[in-house]
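A.B. asks: my questions are about this predicted structure, shown below with the sequence.
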Amino acid sequence: MSLLLVLAGAAIGAPLRYVTDRAVQTRHDTVLPWGTFTVNVAASLVLGLLTGAVSAGAASAGVQLAVGTGFCGALSTYSTFSYETLRLLQSGARLFAMVNVVGSIVAGLLAAATGFALGSTL
């Protein structure tokens, strides 16, 4: 049953990541990978919200598996973040690579903390 919950969440998260990434990236004429940034920060917010809700007793372990592991795991992408940062470095865009790394980490942590605070109040 646990595997099915993870698969169900991932079946929604993976296509949503692709569609969101493409939609965001086509609206920005820059070398910064805004699509990947957007999905990673969104997944951090959702995972923080879910973790706060679980810690407050407002969400079950099944929801945590489906949404946290399945959906957020498929929505976010550390490998693409790493690849895109490396690509920026290789193209000589060191400042953009640094902005991507620092911005992604800071925004992801803030999103997770905000989500956790909101989820804990449920």
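C.D. replies: Here it is on my side, so go on. Numbering: from 1, shown residues only.

A.B. asks: what comes up buried for the strand or helix carrying A42?
C.D. replies: Using DSSP states H and E, A42 sits in helix 34-55. Residues of helix 34-55 classed as buried by neighbour count (16 or more other Cβ atoms under 10 Å): 34-54. (Glycine included, C-beta is placed from N, CA and C.)

A.B. asks: next: stretch 92-101.
C.D. replies: Quick answer for stretch 92-101 (16+ other Cβ under 10 Å): A93, F96, A97, N100.

A.B. asks: give me the neighbour count for the closest residue in space to the last one that isn't next to it in sequence.
C.D. replies: In other words, N100. Residue nearest to N100 in three dimensions, not counting chain neighbours: T85, with 5.3 Å by Cβ to Cβ, 6 or more residues apart in numbering. T85 has 20 neighbouring residues, counting by other Cβ atoms under 10 Å.

A.B. asks: element containing T85?
C.D. replies: helix 78-90.

A.B. asks: re the thing from before, tell me how far the helix holding A42 is from the chain's mean position?
C.D. replies: Counting by Cα atoms, centre = their mean, to the nearest Å, helix 34-55 is centred 5 Å from the centre of its parent chain.

A.B. asks: what about the spatially closest residue to D21 that is not a sequence neighbour, distance to L16?
C.D. replies: The shortest distance from D21 to any non-neighbouring residue, by Cβ to Cβ, 6+ apart, is to G35 (3.3 Å). Computed with Cβ to Cβ, to the nearest Å, the distance linking G35 and L16 is 12 Å.

A.B. asks: can you count the residues close to V67?
C.D. replies: Neighbours around V67, by other Cβ under 10 Å: 25.

A.B. asks: oh sorry, the question was meant for R22
C.D. replies: Residues near R22, counting by other Cβ under 10 Å, number 11.

A.B. asks: try A11
C.D. replies: 13.

A.B. asks: so what does the residue in the chain sticking out farthest from the centre have for phi and psi?
C.D. replies: In the chain, G92 marks the outermost C-alpha relative to the chain mean, sitting 26.3 Å out by Cα atoms, centre = their mean. With angles defined as degrees, to the nearest 10, G92 sits at phi 90, psi 10.
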